[in-house]
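Peer 1: Here's my sequence, what's the structure:
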Amino acid sequence: MKVIYQNQVKAMGCCVDEFKDAGMFIIFGDNAPEEIRDYCYSVSVNPINGEIKAGQKLVIDNQVYPITCVGYEAPITLAGLGHCTINLSGATEAELPGTLYVGPGEMPTIGIGSVIQIIED
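Peer 2: I've put the predicted structure just below:
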């Protein structure tokens, strides 16, 4: 198993559940713009060790989601800003360039201290 990306949730905005019904959530580094900070899980800006691609797995604590599609901007904003939207629809074509598509699946349980990983078998 190769870990492509790993991070840990440091804080969570008061409105992180606003996107739950839409089947998505947002992570963002410390420099999240004030107007969206309340909607994000706060993480550090960590490097990506390789290419993020469909067929890998997103793991949140022990919850595993297959990666089905990667928007072309998602790796850039994740590496540079700690920012990525994760959509649990299981879509195989990216509708939004900064989004990582996984699943389909239920919304993960995320809290302060949760570990987020992208792994390759």
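Peer 1: how about residue 28, what does it touch?
Peer 2: 36, 37, 40, 41, 42, 43, 81, 82, 83 (CB atoms under 8 Å, 6 or more residues apart in numbering). All C-beta atoms are positioned from the backbone trio N, CA, C, and that covers glycine.
Peer 1: Kindly tell me how buried the closest residue to it other than its chain neighbours is, as a neighbour count.
Peer 2: In space, and not counting its chain neighbours, residue 28 is closest to residue 40: 4.1 Å by CB to CB, 6 or more residues apart in numbering. Close neighbours of residue 40, defined as other CB atoms under 10 Å, add up to 24.
Peer 1: now swap in the one 5 residues further on and tell me
Peer 2: Other residues within reach of residue 45, judged by other CB under 10 Å, total 15.
Peer 1: next one: the one 4 residues further on
Peer 2: Residue 49 is surrounded by 13 other residues when neighbours are defined as other CB under 10 Å.
Peer 1: Please name the residues that touch it.
Peer 2: 2, 3, 4, 5.
Peer 1: which SSE is the spatially most central residue of the chain in?
Peer 2: Note on the chain: the residue nearest the mean C-alpha position is residue 86, at 4.4 Å, using CA atoms, centre = their mean. When secondary structure is defined using DSSP states H and E, the element that contains residue 86 is strand 84-87.
Peer 1: Touching that strand from outside, list them.
Peer 2: 23-27, 58, 74, 77-78, 96, 98-103.
Peer 1: So which of the residues you listed belong to helices?
Peer 2: In helices, defined here by DSSP state H, the members of those are 74, 77, 78.
Peer 1: which one of the residues you listed has the most neighbours?
Peer 2: Neighbour max across those (other CB under 10 Å) = residue 78, 26 neighbours.
Peer 1: What residue, apart from its backbone neighbours, is nearest it spatially?
Peer 2: residue 84 (4.5 Å).
Peer 1: swap in residue 6?
Peer 2: Here the residue nearest residue 6, using CB to CB, 6+ apart, is residue 117, at 4.8 Å.
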